[in-house]
Every structure is written in structure tokens, then in C-alpha cells.
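Asks: requesting a structural model of the entry that follows:
(2 chains)
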Protein chains: 2
Amino acid sequence: MFLKENAAGDRFELWSPTKMPRASAFLWNRRMMIQVNCRGFAAAQFMQPDSAKYMHGPNIEAKTFMQPEHPYYAHHPGRFFYIKDETSGELFSIPYEPVRRLPDSFCFSAGKSDIQWRVRHLDLSTELQLSLPAEDPLEIWNLNIGNDSPRERKLSLYLYFPIGYMSWMNQSAQYHEDLGGVVASCIAPYQKVEEYFKKLGNKDKTFVLHDRPPCAFETIREVFEGEGGLHNPDALQGPAMGNGEALYETPVAALQYRLTLAPGASENFRFLAGPATDDAEIAHLRRTHLPGEGATAVAGKNTAANPQQDGPAETIRIRTPDSHFDSFVNHWLPRQVFYHGDVNRLTTDPQTRNYLQDNMGMSYIRPEVARSAFLLALSQQKADGSMPDGILLEESAELKYINQVPHTDHCVWLPVCLRAYLDETGDYSVLEEPVRNATDGEDHTVCQRITRALRWLFSARDGRDLSYIGQGDWCDPMNMVGYRGRGVSGWLTVATAHACRTWADIVAERGEGELSCEFHEYAQLMNRAMNRHLWDGRWYGRGITDDDVPFGIDGDPEGRIYLNPQSWALLAGTADRDQQREILQAVEEQLETPYGAMMLAPAYTAMREDVGRVTQKFPGSAENGSIYNHAGIFYVHALYRIGEADSAFRLMRKMLAGPGEEDYLQRGQMPVFVPNYYRGACYQFPRTAGRSSQLFNTGTGAWMYRSVIEDLFGLRGDRDGLLIRPMLPRHWPRATAERRFRGASFTVTCERSPQVDTPQVEVDGIALKRHRIDRIEAGKNYRVRVLLPDQTRLK
Amino acid sequence: MFLKENAAGDRFELWSPTKMPRASAFLWNRRMMIQVNCRGFAAAQFMQPDSAKYMHGPNIEAKTFMQPEHPYYAHHPGRFFYIKDETSGELFSIPYEPVRRLPDSFCFSAGKSDIQWRVRHLDLSTELQLSLPAEDPLEIWNLNIGNDSPRERKLSLYLYFPIGYMSWMNQSAQYHEDLGGVVASCIAPYQKVEEYFKKLGNKDKTFVLHDRPPCAFETIREVFEGEGGLHNPDALQGPAMGNGEALYETPVAALQYRLTLAPGASENFRFLAGPATDDAEIAHLRRTHLPGEGATAVAGKNTAANPQQDGPAETIRIRTPDSHFDSFVNHWLPRQVFYHGDVNRLTTDPQTRNYLQDNMGMSYIRPEVARSAFLLALSQQKADGSMPDGILLEESAELKYINQVPHTDHCVWLPVCLRAYLDETGDYSVLEEPVRNATDGEDHTVCQRITRALRWLFSARDGRDLSYIGQGDWCDPMNMVGYRGRGVSGWLTVATAHACRTWADIVAERGEGELSCEFHEYAQLMNRAMNRHLWDGRWYGRGITDDDVPFGIDGDPEGRIYLNPQSWALLAGTADRDQQREILQAVEEQLETPYGAMMLAPAYTAMREDVGRVTQKFPGSAENGSIYNHAGIFYVHALYRIGEADSAFRLMRKMLAGPGEEDYLQRGQMPVFVPNYYRGACYQFPRTAGRSSQLFNTGTGAWMYRSVIEDLFGLRGDRDGLLIRPMLPRHWPRATAERRFRGASFTVTCERSPQVDTPQVEVDGIALKRHRIDRIEAGKNYRVRVLLPDQTRLK
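Replies: Numbers count the residues shown, from 1 in each chain, chains lettered A, B, ... in the order given. Below is the predicted model of the structure:
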């Protein structure tokens, strides 16, 4: 097997550079993110305050949002080392690019706070490690080379970090002896004088620092590469590189070291790379992160590990018959959830729905962060009660990209996400928190603001009581269903119903009976309308266009069935038992695949001008019928909420690659994050079906974590305590969880028992009738035992 | 010598793929432009109506204006063929990339209407030719392979045209048997619904068609390349490529042909490549440009050559002691001038000053085009008399990039460029032409409009009578001298003086004495102000900042002397003889280099916030002290106008690379166009000094053509005739010119003679006292003999 986890389950290791060439892992801190793939290519961004790059492609790259299925090519940014045996002339590179010589052994090891490679070739052992410090936008690289042979070895080691095309205005690079490394400088291109002032203080320098001086260097990409090409650069042919200075030439950081290694000996190198404003900052970073010079000072130790990577409190730690699933839930899932809440996908204007859902996830990890986020979002509520398309996190931030297109669903997420926060924390005081609007200065409490948001949401409906879709709802590119002002969204109709029901429950808990009734009525009205106008016999339609044409219905040759209206109709109580059964069957037959549930099927293959941009995306990619995990997890969550534990778990499990070899190969991704999608259109394009987008920005994580905690293990909080209602898949005989909740810890053991017909719960040996633990004492450990009927035997 | 012209002087040939790796040539038609370099890399643009690409980099490229010193890298777009000897397994590629195997012989041959390569390797002769049709955005490729060996050869030929990353929304590629080639499709990315409608009908397909079916194909870049890399692609390892279909994967067009060539035999292939809206259009292009199938139908013939390439009427044809100069002037210079006037640098919003100057050049080639352009420009004049920053050529066009920054100099170019048109055509009727403003519907004649424009220009001055610079003048990035409203431009002050003098002369010719006096007074006022405030003792300063700090003066450590204020002070009559002498000496000492005159020196190495963005450009690049040929040719023109023939020619000649080997190597450009700049900062960065920008968009061409015609050969028209006042450099004993002028032709022979002290002119054997031919008869050939004093002997 070429991919496995370590014993602790907190590292995934890929033992081939070629079987899953796109496989990647990522690290982040509050100021930056870096995604590297197994072959050494990298994409890094830092915040200044908007996201920016410091290593670039070889041409003028567009500034764009993070794209799925990011393509790699020889001159793509990356971090590489060439090793030349000066005796034999043999050359290879680590991790794998650019020489692409298949080594004797290769291991790409993704950890939570570092990424490592171990490569053995030509009787040399190399270990390469990347980590980030806690705060600075900075990469810390550690390289160890050991001589495994019984003879002395003369080697040249070459660091090669391509810096790429920085700017048409001004770019250069020099070796700085005083700073100890290569510094490339540029003036980021601009033309308007006001932009000059905006850019003042920007980090326009890119540096690569070493812990010991090289014997030679090169900073001109063309000279480094020469006629040999990156797989065999000219600069490596002679005894020493040419010490070139890049003068308005594409820069590279290349350093050469000559080593003589005795048998069994090894040497350690440490390098820093990152962006900076000026030389003083670079010098400061060197002092902080390369404290001692020379190999001995830092040998092998990652002294500056980023504590945030390990940060997530263990809200839940599980042990089930599915050890891969356990590893994901115990290590990678909370990490991914934390990443979203910690740095907001490295934007300064997160889309409102993303921001709220990402912070729903944060409720389990850093509830104080989630709380602030809800308040910040509400402080940007518009005067009519609606929510803006993005939440501005910085004074200089502005709405960009898709946030310039109005979407109608943002209010939905307020009660839905707050529900999770309230359940996890019991912090109902947040509802009384006054929130001042940033522009009009008006004060309203959270409760008042959400009430207004939902009244606005409810009001945005047509004469049939269906919600207007405008230029899009959750599905961003569904932009032409209603852009002429009439089209409605079936999904938004039931999502509004669910949001209203959720809010009705919350206000009821506060004793506001009248308000609760108001929102229950809204929900009923929307549900009735959905059933009247969009129940298509076996599933719900997706909407009705400006021209009064329902779509997402049986009669449609493409986009016949959409997942989201089904999921949310289950959540909102729209569907009765019969309808539920029809829906489950339709989804299983038409949307479920080995890689999860497709968001719609069949994928559109041509523009439908009355549906919009979603139909122009490539069939099976993104919203056009991929296995879009964010939609998938809504469905999983809904299945749990209607008691369909087996289907729910089956589909949740499909969100992770593995454990079978073929599945890994097809998806091409390590299960260290859940990607935003796997390719769908499984019947149309089987060759690519299941291929991962490799994109870890997704609302999936928060919902998946919620579903594991609240649904699969059924350890959901309420106002005063913790419910114990596990919904394990029937084929699990046993599972345990360590759950931290409101300062206490709960050791929960679930077992199938032939002795029981209904679940039985004991706490510290005492049977619990209502399956709910009240009056939780912080600091205490509760031992919870759950006996579940043995459904496998019963069947 | 690795670079030479053919006997006719109309082709330049480079006999090495490595000595001048960036050397390039370009072709265009009304709908597209393609620049290819000697190694096979290409950058093509077409108009739809704004400029767009159909072959892309491997990543998401920024949409930007044409950049100097365009960098190439392995996955850069290009057009390549691999040839594999199926017997020996040997592989090479033509033109040179991607395999980079040095062939036995190599020739890159730039013609005026085609570009060819002739490569011999492994006893195979290949001839590759690119041409464009007259109208369609389409590349026509012809490839001939011949077996030079005495044995039968079994070969595989692989076309490899990378299509690159087309779109994150949707990209794919397929082989279409019915269309006969590979068609890649995409949806160009967008997010706003209104953009959908704007893009309707766009050419989102890229095709590569063949004249015979291949035995195999590949359309997936990653599969084509595999682990082997572009220099040794996996797809070439087996007997046949895998016939892959790109499904949201970066597309490539790769076709495989198996050939068996008898000794001495050859085969011919023809391919088309370009953008299209749909399959029907592709089929139509095939019918039009690949009429017969099979090798015999089109063997070796370029049936669809673009007549525009050869189009320019021969306004002048010269023969001098400098044959390289002759070739440039006779073939390449008018072609480049014609390109500018023909397609306006492939923009839909040419900068007003560029548009006017490019059409000044067109006055010599297609005067009717120039005339329309002047009228169009004036129809967009603003109500206050000023000119907009760009001229919109299409209804959908808008001001982009630098045209969104206001510049103060656009009115200058109206009389200056019209002067050349009037002199060349004698068409004074244009002055009476009514021009209706596109927005306010007001009618004014050309004469009235230019008068208003110059009154506005004159009015935009401060209390010292110096011209405000605002956010920039001719020097676009000089944006912070006066952005606070006070700073002034010395150059613009004398340019205004020159414009006013020029206009005063023109209106005087029409008998408008009073108006003429008005503008002469303006000119005198500006000239006086310049001398009072900006004469720095040995040269003129460039301006005075918002903070009242003069710059471009002796006291400045950087940007001490600028070329433009000197040139235009010479033109405007600002400088007296003493000042002229000082100026010439200062320029020669401080600005002149082996590659021409630098625009300023020393180049700025750090931001000067009171000068602006120009100081942030890389020292020696573009406006920051490069040998910026547009500025250089102003100076040349000015030198001629004050009678400095030797200096003028010396500097004009330096605008062309060669003929020395070292000069070619340093500049790295073939003299088939004059580039917008050569690197300057010669004393600061001698390694890169002289390196060509490889950018053929430049105002230089029009002025250079004007200077050759009107100044060097002195064959300038006036209202009623042709002046004969050659200003040959003294080291030329003899030179001849064929001049077409107002329907007649003039055979002009100039000779040095020890017998004369002043120039003598004879026409058809009769001495001409005033050196001016009146009453020109269309159709007649005039034989003009000019005797010039032998200055070399005198000295």
C-alpha cells in the first residue's frame, strides 16, 4: 500500500511521488497559508491585509480566488533541492520535481504542524521538513542529508526556490551577504496614484535565508536554467554557480553547498523563506527564527512549530471500528474546521454564508471566536434586515469576486448556525447582546436583529409563498433563474422554513411564545407552498424560473434532480414519511455514487439561460453536478435528523478517500482534509469521477464535525445539559467517544447488546431515563455507557 | 555570422536557436497579431473586439497590456513539432523547443508576410512556415519533411500546440473527426450576469486542424507530458498516443503521424490554428483555408498570404553606403509603421497621443486612413477643448489601464501630427472638414477644433506660464510631480510652444494672420517662461514639482538630465545657438550610449515621491532611463531640424541592432522592427545595457520614417510642392532615394562633390534655385540630382 497513516493516526504518508501526483497537504498560521503537493510544488498566500503571493508563476498571473484542481507545471512555484554526486555526476532532486528521478524510496508525510519528505537515493538519506511559526508569514525549512554508504561522498546540494515573475514595473534579486540569503525585490504593478499610497508598506520583497553561507548562488532564472532546462539546469553543470544578480529578470533563489560526508555522517541545513517589507524586517526574522548559525544549533529540531496547528481542543475523540474515520475525526477534521474559523479562508471579505457556517464550526473549538463573529456579522446587517453578501473584516476590505453579485440566502444561516453555538455553549446571553450597526449606528440586540433578518427573509417571497432567488442563493452560479425578478428557489423556500422553525424554537426557549408562533407559522406557510408548487411526485424541484418553468424536475433531461431541496425539506419538516421515502430512494438511485452524492444529475452539458452560470460549469465540476461535499453533508445531517443513521453514515464515510487503494488512486487526495468536491457526472464521465478538487476551503468541515458530534454520537447540548442519543451505523458493534462539553468530560461507550430493544443510557453506573445529563459540573468526568439494540441481529 | 539578411534585404535570418534566444518576429492582419520567437514560443492575440488570446499559459494569466521583455518558459504557448526516428528512437523538436536538441543546422527566417524555419537534423530537412490570411484570425502552418539520407526512414511526427489553461469555469478538448482536428472549448470566466450577455458570440473555442488524419492524438496536457516532461513526453514513448479527451483538464493539441520516407523523398503537412465561436465557423475556416485534402493540394505553397504585410506603398526606397540601414528603411520600417496605423496596437482604446502619432506615420502610407483617424479623434474632443486620454474605436470600447489616468499632453499632438499629414498630402481641405462631437452633437471644423484644443492647452499653465503636468504628460508614469495641482512640466511647456508654432504656421498658410499671431505669441510666452525658470545652465530641467522643487537638473543625483525637454526645446526654438551647443554636449556626455540616447540619467534607483511612478520602474527599463526610442527619435528629429545631420544620423542608426556580432548578441533582437526600448542605465548595469524589450508597439516608427523622408533625405512636402534638402551624414559619399509623392515619383541621387560649397539641386538636368519642386505632375518621374559639399575633405 502506497498510502498509510502512522500509528498515532496523526500523520498520513504517501510512499510514491507518481501515483497521486496532485496529493497535497497544507499548513497555516494567522498570517499565511501554504499548500504543498507531494512533488514539491507549492502555493502560498499571506495577508497584507488582503491575500497576496510572494512566489509566483513564470508569467503575469491573474489575481483570483483559490481554484479547484489547481494545475501544476514545471515552472510552477515550489521548493526544491537538487543533489549532485560530484564523483559520479549523478543528479536527483527532492522532493521529486524538477528532475523527476524515481528515488529508491520516497515518503511524503503530512502532519498537523509540519510536512515532511523522506527520500533515499544514491545511498543518501534526506529528510526535508516544512513548518510555520505561530505568527510571521514565514516558511521554515529543515533539510538533513545523510550518507548511507560505506564510502566518503562529495556532493553539491542546491537549493532552488523559484520566485517567479514578480512585476513588470520592477523586479530584481541579489544575494545579500549581510542578511544571509537571496532577497528578491519588486514594485507590485499599479498605475493610479491612489494605489501607490494603498500599497505603501506592502511586503514587496521575497527572501530565502540560510543558516550557513553557500559556496555559490544564482538569482537569474534564465541563467540558472540555461539550455539544460529545469530537469538538468545549466547552473549545475560547472563546479560553481555564477553568482548572478537578477536585473529586471525573473528571479530565482538558488544556493549551492559543497559537502563532504563521511560514511554514516549527515548534515543539517535550515532555510527561511517568506515575504518582507524591507531589509530590517528580514534581519529581524533571521534573528527570531535562525537564532544560531551553523548546523548544530538547530539540527533536526523544529523550534518554531506553529502552536495553532495543534490548537483545537479535543471536543470529541472517537474510537470506532473504522480506524481511518477515527483518525480523520480526531485529527484532521477539527484542524480543518479550526483553519476556517481561524483565518476565514484567507479573505478579508468572507461570503456571509461561509463566514457564519465556518464560525458554526468554530463553536466547537473556539466558541469565543464564533461569538464575536456572529456579532460582527450582525453589525453589518442592512437597514431592511437583510444581510450583506460578504462580511468585511478589515477597514480596507471591500466586496470582491462573487460577493459583488447579490445572493438571497444569507439570513438563513443566522439561526441555523447560532443554534449549534447555543447548543454547544449554552450561552444564551449572546441573544441579549446589543449590536451597533457600523454605518447607521443603530443598536439592536442579537435577538432583535435575527428576528428582523428572518422577517426580511420571509418577506422576500412571491404570491405563491415561494422565496425569490434573485441572482442566486446558496448556489452562487444559479444566477439566471430569477434575475428578472420573478424566479423562485425551492431550496431557499425550505431553507427559510427551516430557519424560521429553528428560530421559533430558540425564541420559545426564551419564553417568547408569540414570536415563536409567528415563525412557526412562517415555516408552515413556506412548507405548504413547497409541497403545493414544487413536489414533483418523487422529489422536490429546485425552483421555478422567471418564465414560470419549474426545473430540477422529472421532466428535465439535465439537472433533473438536485440534492439541496431534498436535504432541507427533510430538515424543515416539509416532507411527510411517504415523501421522505420517495426522496431517499430517488437520491440513492440518481445521485449517490461511490464517492458520495452528486449535487445534481445529470450534469448540464449546455447553457440553460433560464438557470444560469451553473449550467456552464464543466459537467461534474463544482456546482454543476460534482460530489459537492457541502451539499452532501447537508443531506447527511438531514438523514440523521430523520433517523436514517445507516444511510447518513454511508454517505459521510464516502466523503473521505480510502481505505482502498483504487479509491485513493481515483480520488488522488490524501484524507487529511475533506475537499470541496470530488468530480461527479459519474455516468457521463466515469474516467474522472471521484477526482478531488484538492481544495480545502469548504463549508463541509463545520457540518461534518457537527454531524459527528451531534448526530453520529448524538452528544448534542441543549440549554441546560447534554443529550445522549447516538445513531451509530448498525454494522458497528461498538464505539467510544471522549467528549468535552462545558468544562466537563464525558467518556461515552456505546455497545450493541442483544439484551435491549431500545437504547439504554447509564451515567456513572446509574440508568438515565431521559438520555440527558443535567446540571453538568465543570471539571468532572462522566462515564456514560450506552446500550444499543443489535440491529444487525434483528434483521 | 549567425544573423544575416537575404540578398533582397527583405528577410532576416538567424542561424542559431541559442545565441539570441529572445529574437522574434511578428505577423498581423486586421483581426490578429502573432509574435513568435526563434525557438517556437508564440504570443498571439485577436480582436473580439477587444484583444484576447486563444492559446494560454499553464496557469490563470492576468489580462494585461503587451509587456516588454516578455519572459519565456517551458510551458509558454508556442507551436512545436517533435520528430522521432522510429528506428533509432532518437528524438528532436522543431523549431527548437521543447526538446532543445541542437540541430545540425538551424535557420529562423523572418519575412514580411511569413516566418520560416529551416532545420536539418538526423539527415532530415524540415521547413516550417507560418503565415496569416488577410482577414481571419487564423494561423496557417506548413511543414515539409525531407529524407536527406540514402536509406528509407520510419518516423513519427508529432504536432504539439499547447492550448493552456483556458478557464476555471469550463475547459475541455476533443479530437473531431468531422472537423479534422482538435477543438478545445471553454467558457471564459465571469461572475456577473451582464457579462454573460457581453460575451455571447465570443470565440471561446481554439482549434488546430490538419490536412490529413493523424494516426493518434492527445488532448490532455498532463497525459501528453506524463513523467517525461515536455523535453521527453510520455506520449511519445509508445507506438501511438492515447487519444485522450480533456475533461476539465488543461488542453493540448497533439497529433501523431507515422511516415515512411524513401531516400530523397519528402512530405508536406498543413495545419490551421485559431479561435472560433462554434463548429460551424471552424468548418467554414477549413473549407476556406484547407481547400484540398492531402499533401499534394497545398504542397509548399502559401496560398493564403496576407497581402497587408506587403502592403505599404513605397513612399521611399533608399540606397546608401549602409545596406543594413537601407533594408530596414525599405522593408521593415514602413511595415512597422503600417502595422501601427492598420490595427492600432490591437487595442480598442488607443491612447490619444499614440493614436495621433501612429496615424502621423500612416500619412506616408495610407493617408486616407490617417485623415479618418484625425477626424475620429477630434470627434471625441471634450467640451472644454481638451482631448480624452484614449480614442474609442468601438462602441463597446472603454478606457482601460493607463487611459484611466489623466494626462495633459494629448492636444500637443494634433498640430504636430497634422503637420506631417499636410506636408505629405497637401490636403489642406481636411482643415475645413466639419467634425460632429459624438456626445454633444456640436459641429466644428478641424481647424476650429484644433484651435480650441491649443487654446485649452495654452490655458493649462501656472502663473509662471509653465504647463501644468497633472498626473502625467508624454511620460505616463511621471504621475506625482503635479498630482496635487501645482507641479509643472518643462517638456510640456516647450511642447506646447512647438505645437503653437506649428499651428501658427499652418493657419498662416491659410491666410489667418491674426490667429497665427495669437499662437506665435503663445509660443514665445512659453519659450520665455522655459528659459526663465528651467534653463539649468547646460540643459533644461524636466519640471517643477508641487513643492516648487525643480528636477531633472544638475543638482539631482538621479534623473539629473532628461532627453525630452532638450529635444523639444530645440524643436520649439526655445534654445539659442549657445544653449543648443550646451545641450548637444550634455546629451552626448550624459545620455548617449552605444545603443542610443537614454531617456534620462542616472536612472532612479529609489522612489521619488515628488516625481512618481517613473522612479519606481527598474533602473534602465522603460521610462526610467532606458534607451527609449520614442524619446530618442524626437531628439534625432530635433537635431535634424537644427541642422545637426551627423549627430542625428549617428543616433538614428543606433536604434537598429547590428551589423556587428557583439551588438546583436547584446541587444538580442533582429532588426526587423525598432523596439520601444533598449535597456539603459548603461553605467549602472552594463551587463544588461542594450538588451531589447522585443516590443514593437512604439511611437518610434512613425517619427523615424518621417525623419528618414523629411530630414535625412530632406524630401519634405509643403503646400504646393516638394523640398529637396538632404542632410546626409558627412561620411556618406553618395546616396539615392526613390520617392513617391502626390502621384509622382522622384529619383533622387545625392553625391558629395569637391566642386561645391553649398548644396546644388538639378531636376531633369536643370538647376533648381530654391531646392523645391513646384507644380508636381502626377505620374511623372522626376530625376533629381543633388550635389553636396564634401565635408569630410573640408575637415
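
Asks: now do the end-to-end distance for stretch A:164-177.
Replies: Taking C-alpha to C-alpha, to the nearest Å, stretch A:164-177 runs 22 Å from one end to the other.

Asks: no, scratch that, I was asking about stretch A:326-339
Replies: 19 Å.

Asks: equivalent analysis for stretch A:714-730, please.
Replies: Span of stretch A:714-730 from end to end, C-alpha to C-alpha: 15 Å.

Asks: just stretch A:28-35 next, same as before
Replies: Stretch A:28-35 has an end-to-end distance of 9 Å (C-alpha to C-alpha).

Asks: quick check: buried residues in it?
Replies: Neighbour counts over stretch A:28-35 (16 or more other C-beta atoms under 10 Å in any protein chain shown) mark A:28-29, A:31-35 as buried. The way it works is simple: take the backbone N, C-alpha and C, and place the C-beta from them, glycine included.

Asks: other residues contacting that stretch?
Replies: With contacts defined as C-beta atoms under 8 Å, 6 or more residues apart in numbering or on different chains, stretch A:28-35 is touched by A:24-27, A:42-47, A:130, A:132-139, A:274, A:306, A:308-309, A:339, A:342-343, A:346, A:694, A:696.

Asks: which of those residues fall in strands?
Replies: Counted as lying in strands by DSSP state E, out of those, are A:24-27, A:42-47, A:130, A:139, A:274.

Asks: which bits of the stretch 551-700 of chain A sit near chain B?
Replies: Neighbours of chain B within the stretch 551-700 of chain A, by C-beta under 8 Å from any C-beta of the partner chain: A:612-613, A:616-618, A:620-621, A:679, A:685, A:687-688.

Asks: which parts of the stretch 251-400 of chain A are strands?
Replies: Counting by DSSP state E, counting those that start in this stretch, the stretch 251-400 of chain A has these strands, from start to end: A:251-261, A:266-276, A:316-319.

Asks: ok, now how distant is residue A:181 from chain B?
Replies: Residue A:181 is 21 Å from chain B, where distance means C-beta to the nearest C-beta, to the nearest Å.

Asks: circling back to that earlier point, okay, the buried residues of stretch A:28-35 in JSON lines with secondary structure and pLDDT next?
Replies: As requested, the buried residues of stretch A:28-35 are exported to JSON lines (DSSP: H, G, I helix; E, B strand; the rest coil; pLDDT from 0 to 100):
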{"residue": "A:28", "secondary structure": "strand", "pLDDT": "96"}
{"residue": "A:29", "secondary structure": "strand", "pLDDT": "95"}
{"residue": "A:31", "secondary structure": "coil", "pLDDT": "95"}
{"residue": "A:32", "secondary structure": "strand", "pLDDT": "97"}
{"residue": "A:33", "secondary structure": "strand", "pLDDT": "97"}
{"residue": "A:34", "secondary structure": "strand", "pLDDT": "98"}
{"residue": "A:35", "secondary structure": "strand", "pLDDT": "98"}
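
Asks: between which two of those is the distance greatest?
Replies: Across the buried residues of stretch A:28-35, the longest distance by C-beta to C-beta is 15.4 Å; it joins A:31 and A:35.

Asks: in stretch A:83-99, what's buried?
Replies: Applying a neighbour-count criterion of 16+ other C-beta under 10 Å, one finds A:83-85, A:91-99 buried in stretch A:83-99.

Asks: which single one of the residues you listed is nearest to residue A:359?
Replies: Each of the buried residues of stretch A:83-99 was checked against residue A:359 using C-beta to C-beta; the closest is residue A:95, at 35.5 Å.

Asks: which residues does the residue of the stretch 601-750 of chain A at minimum distance from chain B contact?
Replies: Ranked by C-beta to the nearest C-beta, the top residue of the stretch 601-750 of chain A for proximity to chain B is residue A:618, at 3.9 Å. Residues near residue A:618 by C-beta under 8 Å, 6+ apart: A:624, B:169-172, B:247-248.

Asks: mind listing the helices for the stretch 651-795 of chain A?
Replies: A:661-667, A:700-706, A:791-794 (DSSP state H, counting those that start in this stretch).

Asks: any chance of the ones you listed in a markdown table with mean pLDDT and mean neighbour count as columns?
Replies: Output for the helices of the stretch 651-795 of chain A, formatted as a markdown table (pLDDT from 0 to 100; neighbours: other C-beta atoms under 10 Å in any protein chain shown):
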| stretch | mean pLDDT | mean neighbour count |
| --- | --- | --- |
| helix A:661-667 | 97 | 17 |
| helix A:700-706 | 98 | 28 |
| helix A:791-794 | 62 | 11 |
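
Asks: could I get the ones you listed in a markdown table, plus columns for distance to residue A:639?
Replies: Putting those into a markdown table (distance: least, C-beta to C-beta, whole Å) gives the following:
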| stretch | distance to residue A:639 |
| --- | --- |
| helix A:661-667 | 22 |
| helix A:700-706 | 12 |
| helix A:791-794 | 16 |
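
Asks: hmm, residue A:631 is touching residue A:566, no?
Replies: No. Using C-beta atoms under 8 Å, residue A:631 is not in contact with residue A:566; the gap is 9.9 Å.

Asks: tell me which of these two has more neighbours.
Replies: Neighbours per residue (other C-beta atoms under 10 Å in any protein chain shown) separate residue A:631 from residue A:566, with residue A:566 holding more: 32 against 28.

Asks: show me what the host helix or strand of the more buried one is packed up against.
Replies: Element membership for residue A:566, per DSSP states H and E: helix A:563-572. For helix A:563-572, the elements it packs on are helix A:490-509, helix A:513-534, helix A:577-590, helix A:629-641, judged by 3 or more C-beta pairs under 8 Å, 6 or more residues apart in numbering or on different chains; DSSP states H and E.

Asks: got CSV for these, with mean pLDDT too?
Replies: Shown next, in CSV, are the helices and strands packed on helix A:563-572 (pLDDT from 0 to 100):
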stretch, mean pLDDT
helix A:490-509, 98
helix A:513-534, 98
helix A:577-590, 98
helix A:629-641, 98
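
Asks: for residue B:532, which of those helices is the nearest?
Replies: Among the helices and strands packed on helix A:563-572, helix A:629-641 comes nearest to residue B:532, with 71.2 Å by C-beta to C-beta.

Asks: and the spatially most distant residue from the centre of chain A, which of the three is it?
Replies: No residue in chain A sits farther from the centre than residue A:151, which is 47.1 Å out by C-alpha atoms, centre = their mean. Three-state call for residue A:151 (DSSP: H, G, I helix; E, B strand; the rest coil): coil.

Asks: I'd say it and residue A:263 touch.
Replies: Yes. Using C-beta under 8 Å, residue A:151 is in contact with residue A:263, at 6.2 Å.

Asks: before we move on, the earlier item: of all the helices of the stretch 651-795 of chain A, which lies closest to residue A:326?
Replies: helix A:700-706 (13.8 Å).
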